[in-house]
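[1] task: produce atomic coordinates for the following.
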Amino acid sequence: MDLEEFRLDFLNQAAAWASSDRNFRHSSFVDVAIAYLEEAGEVADFEQCYYRGSGSKGRALAIDGYAFDEADGSLRVFVAEPSFAETVQTLPPSEAATMLGRLRAFLEDASAGRLAALIDVSHPAFGFVEELRRRLPDIARIRAYLLSDRVLSTRRDWPEMSLGEIPVESHVWDITRFHRLHMARSGRDDLVVDLAALVEGGLPCIEAGTDSDDYSAYLCVVPGRVLAEIYEEYGSRLLEGNVRSFLTIKGRVNKGIRNTILHESGSFFAYNNGIATTASAISVEATDQGLRLMSATDLQIVNGGQTTASLAAARRDKASLEHVFVPMKLSVISPERSGEIIPKISRYANSQNRVSDADFFSNHEFHRRVEEISRRVWAPARTGTQHETHWFYERARGQYMNETAGMTAGRKKRFEESNPRGQVLTKTDLAKAENAWRQLPNIVSKGAQKNFLDFADYITKAWEADPDRFNEDYFRSVVARVVLFRALENIVSGQSWYLGGYRANIVAYSLARLARLIDDCAPGRRLDVRSIWQRQATTPVLDTQLAMIARAMHEVITSPPPGIQNVTEWSKNSYCWEKAREAPVELLAEFSAELCESDELAAVARAAKVLQKLDTGISAQATVVELGRPYWTEAWKWAMAHHLVGPDEDRLLRLAAGMLQGLPTDWQSKKLLQLKSRLEIEGLAPPAVISSVEQ
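    Sure thing, here's the model as predicted:
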């Protein structure tokens, strides 16, 4: 996909989001850009905060959003300047500097207390200003971003500024950089750490073994100063996603590590377990003193995030790291296999820590099933259209765009007719709608990452208990709730009382309050999700009910108790949901008549589970047969040699290997695949490796 085609798709996605929820094109452009940056690990828990105005000395002020990064103690702020031109336009560095200057001017006036009297208390920017001033003493670094659909005409290093003693660095994400990010197999913008610039002559290392062209390993001893400097430079981008989530929840600085740095720095190497890292490529030079690691591309810390963050915090506090050294294991993995291997390294490296299965949820089988169902289940034609469509589930960012890459104009048009852009369903879309319906609007309001982790924990446990409940009926119900969520966005935007800001919080609370209202006022009855799926839309009566609820939720959210001025922070509080649950809302008789009996939905769900169980069994049988008898024979020999199976499992393996008569049943096939996973964790080679050895 070339740059022009990518840019057109990028803007079309923004247009689709804008039309589907009455959002302005500018805000939708920001949403699409942030979605890419979130997927790449550049930002998490972004809050929109559009503001344009004049500040001190008549300076123009601008901001579009922000994100406090608890993992590295930084603040990320964003300003967007899309052109929406028909063809790619050039962005002169002078214009980029002007926009970044407006963003910095906003920060300066905000931190100095000059904006509180200028911004209405109901505006999201007011909440951000208050939060910024509260957190200012704890912010280690500010990263300012300019987002654009133009091409920066000249690449340059932007001068580092400061806000008091806090360094402020500038980043320009033009359309070329977004395109490069999309095309990168790793799904990340290249992060190249120049170790030779930090350690004279490069970092000493030894090669620990090469498994194949896809994998090699090295052992290093990293000076604590160097590790702290790298973390200060790149922040939480260094942290593999699961480690970032763990570190955000558990806190950045480990007191035990800090005490060792301050009081027993010479023993740090002895006391610390070290860090595990990965890279997609490295530069190594052989010298008279041995191997030297000169640079690492896409460096990721998969274990040891607290060690790294604690070293950086100690360095900021002027603690000496002269005698601190950290053992490091570096795995170099090709981009082609990084998506498969890095999550496994992260899981096993963190097995000693309390990192739940939910932290690895992005690779869960749940996503594959939802994706598979989304590709084959047709949604009924909407009113005014003549053809059925798909709701396209994006298990990974960019799947939709990749599907159309290289298509002729005619094929692309037919694909988009069957898979409308407005019906692309992302993982975070699903998590927001589902957690809101589960009556957790305060969790939804905490941002995409924290909400996704909570949803992951719920799904992980539910999947372990009963994977067959996630079937076609579940998918149709999910889509119905997403339709409801998006309808609420439209409804809120069109209300006379809505003056802008906090729409995401109002929508999450309104959906949760609808669920609560039905539970409290219509026992034994449920929202008719089948009807919403069939219409692919809400009814006028439901819209009226939602508008009533949304107004009540708006009043609760924008009226925080004394002592709390930041509406965004108030909406994250469980007490806010308690107040919202108590807010009086009438259940309209007309809407009550549209509800259905819970027994009806339960009967449909039971039938769908039976069908899913049958499908799962057939799929398991097909997989066992496809793996082939030679594979199962080798698996049996390996398991017996390592004394890893009992009599029942021995019989299953011999049955699959053809040593016993008959084919495994669907139940036996599922057991065999579970056994396969366990044996591979113990060290059994993957099927592809066994097959290549046989050949």
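[2] use CA for all of it now, contacts and neighbours both
    OK.
[3] tell me where the model's unsure across the stretch 201-350 of the chain.
    211-212, 240-254, 338-340, 343-344, 346-350 (pLDDT under 70).
[4] now the strands for it?
    Taking DSSP state E, counting those that start in this stretch as the criterion, the stretch 201-350 of the chain contains strands spanning 203-212, 215-223, 275-279, 281-287, 290-297, 300-303, 325-333.
[5] nearest to Ser418, of those?
    Across the strands of the stretch 201-350 of the chain, Ser418 has its closest neighbour in strand 325-333 (37.3 Å, CA to CA).
[6] for the closest one, which strands pair with it and how are they oriented?
    Using DSSP bridges, strand 325-333 pairs in its sheet with strand 215-223 (antiparallel), strand 275-279 (parallel).
[7] output the shortest one as PDB, nothing but the C-alphas.
    In this case it means strand 275-279. Extracted C-alpha coordinates of strand 275-279, given in PDB (Å, rounded to 0.1, in the frame of the first residue of the first chain):
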ATOM      1  CA  ILE A 275      16.100  -7.900  33.000                       C
ATOM      2  CA  ALA A 276      15.000  -9.900  30.000                       C
ATOM      3  CA  THR A 277      14.800  -7.900  26.700                       C
ATOM      4  CA  THR A 278      14.100  -8.500  23.000                       C
ATOM      5  CA  ALA A 279      15.100  -6.800  19.800                       C
END
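[8] which one of the strands paired with strand 325-333 is the most hemmed in?
    Neighbour counts (mean count of other CA atoms under 10 Å) averaged over each of the strands paired with strand 325-333 peak at strand 275-279, with a mean of 23.
[9] so how far is that strand from its chain's centroid?
    Averaging C-alpha positions (CA atoms, centre = their mean, to the nearest Å) puts strand 275-279 21 Å from its chain's average.
[10] ok, stretch 17-37 next?
    Centroid separation for stretch 17-37 versus its chain: 17 Å, with CA atoms, centre = their mean.
[11] quick check: which ranges of this structure have low pLDDT?
    19-23, 185-189, 211-212, 240-254, 338-340, 343-344, 346-363, 617, 686, 688-695.
[12] show me how it divides into domains.
    Using automatic domain parsing, the domains assigned to the chain come out as 3-183, 192-355, 365-594, 605-694.
[13] gap between the third one and the chain center?
    A distance of 17 Å separates the centroid of the chain from that of domain 365-594, by CA atoms, centre = their mean.
[14] got the buried residues for the top helix by length along the chain?
    Longest helix in the chain by number of residues (criterion: DSSP state H): helix 598-627. For helix 598-627, a neighbour-count test (16 or more other CA atoms under 10 Å) marks 601, 605, 608-609, 612-613, 616-618, 620-621, 624-625 as buried.
[15] mind putting these into TSV with distance to Ala487?
    Shown next, in TSV, are the buried residues of helix 598-627 (distance: CA to CA, whole Å):
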residue	distance to Ala487
Leu601	22
Ala605	25
Ala608	27
Lys609	29
Gln612	30
Lys613	33
Thr616	34
Gly617	38
Ile618	38
Ala620	39
Gln621	42
Val624	44
Val625	46
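[16] which one of those residues sits closest to Pro561?
    Looking across these and measuring by CA to CA, the closest to Pro561 is Leu601, at 40.0 Å.
[17] could you report the distance from the residue lying closest to Ser592 once chain neighbours are set aside to Val604?
    In this structure, Ser592 finds its nearest non-sequential neighbour in Ala522, 7.4 Å apart by CA to CA, 6 or more residues apart in numbering. Distance of Ala522 to Val604, given as CA to CA, to the nearest Å: 20 Å.
[18] do the same with Gly683
    Gly683 sits 42 Å away from Val604, going by CA to CA.
[19] would you mind measuring from the closest residue in space to Met640 that isn't next to it in sequence to Ala608?
    Distance criterion CA to CA, 6+ apart; nearest residue to Met640, sequence neighbours excluded, is Asp650 at 7.9 Å. Distance of Asp650 to Ala608, computed by CA to CA: 34 Å.
[20] please apply the same query to Ala552.
    According to CA to CA, Ala552 and Ala608 sit 37 Å apart.
[21] so how far is the longest helix of the chain from its chain's centroid?
    For helix 598-627 - counting by CA atoms, centre = their mean - the centre lies 29 Å from the chain centre.
[22] before we move on, what about stretch 632-642?
    Per CA atoms, centre = their mean, the displacement of stretch 632-642 from the mean C-alpha position of its chain is 39 Å.
[23] go on, stretch 289-300?
    For stretch 289-300, the separation from the chain centroid amounts to 29 Å (computed by CA atoms, centre = their mean).
[24] list the buried residues in it.
    Neighbour-count burial for stretch 289-300 flags Leu291, Arg292, Leu293, Met294, Ser295, Ala296, Thr297, Asp298, Leu299, Gln300 (criterion: 16+ other CA under 10 Å).
[25] what's the answer for stretch 169-183, then?
    Applying 16+ other CA under 10 Å to stretch 169-183 flags 169-170, 172-179, 181-183 as buried.
[26] list phi and psi for the nearest residue to Tyr509 once chain neighbours are set aside.
    Excluding the flanking residues, the one nearest Tyr509 by CA to CA, 6+ apart is Pro441, at 5.1 Å. Phi and psi for Pro441, reported as degrees, to the nearest 10, are phi -70, psi -30.
[27] what is the neighbour count of Pro441?
    Neighbours of Pro441 under the rule other CA atoms under 10 Å: 31.
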